[in-house]
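# could you work out the structure for the sequence below:
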Amino acid sequence: MFPAVPGATDCFFVLHYEPERSLVLGWLPESKAAPVTTWSLVLEEREPGCTRLIERGRVCSPYRPLGLPEWFARRLGPLAHAVMVRKHLLGIARRAEADVAA
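Next up, the predicted model:
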């Protein structure tokens, strides 16, 4: 389990894991058996020594993070997700490039 945000009671669960290939996390509200949100990270080897990281998020109804009304969450969600993903990928790139330089 991974908390959605620090101190949150709702969490992401590992839905699929393939070592050195992919990780799929999902948010499963108590009232639903299917995930409302999925977050996928996939490594794709383009050529030897060159790997691409693909990150993708999906949501479906009822998407209500932090108890926000769904109409508001659906409007704010894409912007919040873009900011989070950009920060996430820049951090990964910084650490990967530091490892290569070392």
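
# distance between stretch 86-102 and the chain's centre?
17 Å (Cα atoms, centre = their mean, to the nearest Å).

# brain fart, stretch 54-62
Relative to its chain's centre, stretch 54-62 lies at 8 Å (Cα atoms, centre = their mean).

# quick one: buried residues of that stretch?
55, 59 (16 or more other Cβ atoms under 10 Å). Placement of C-beta: from N, CA and C, glycine included.

# so, low pLDDT: which residues of the protein?
The chain contains residues with pLDDT under 70 at 4-5, 8-10, 29-32, 63-66, 102.

# ok, now with 80
1-11, 27-36, 59-68, 70, 73-78, 99-102 (pLDDT under 80).

# please, where are all the strands along it?
2-3, 11-18, 22-27, 37-47, 50-59 (DSSP state E).

# hmm, who's touching the second one?
Just to be clear, that refers to strand 11-18. 1-4, 22-28, 35, 37-39 (Cβ atoms under 8 Å, 6 or more residues apart in numbering).

# go again using 7 Å as the cut-off
Strand 11-18 is contacted by residues 1-4, 22-28, 35, 38-39 when judged by Cβ atoms under 7 Å, 6 or more residues apart in numbering.

# same check on the first one?
Strand 2-3 is touched from outside by 11, 12, 25, with contacts defined as Cβ under 7 Å, 6+ apart.

# ok, 6 Å please
11, 12 (Cβ atoms under 6 Å, 6 or more residues apart in numbering).

# what's the closest of the strands of the chain to residue 77?
Of all the strands of the chain, strand 50-59 sits nearest to residue 77, with 6.4 Å by Cβ to Cβ.
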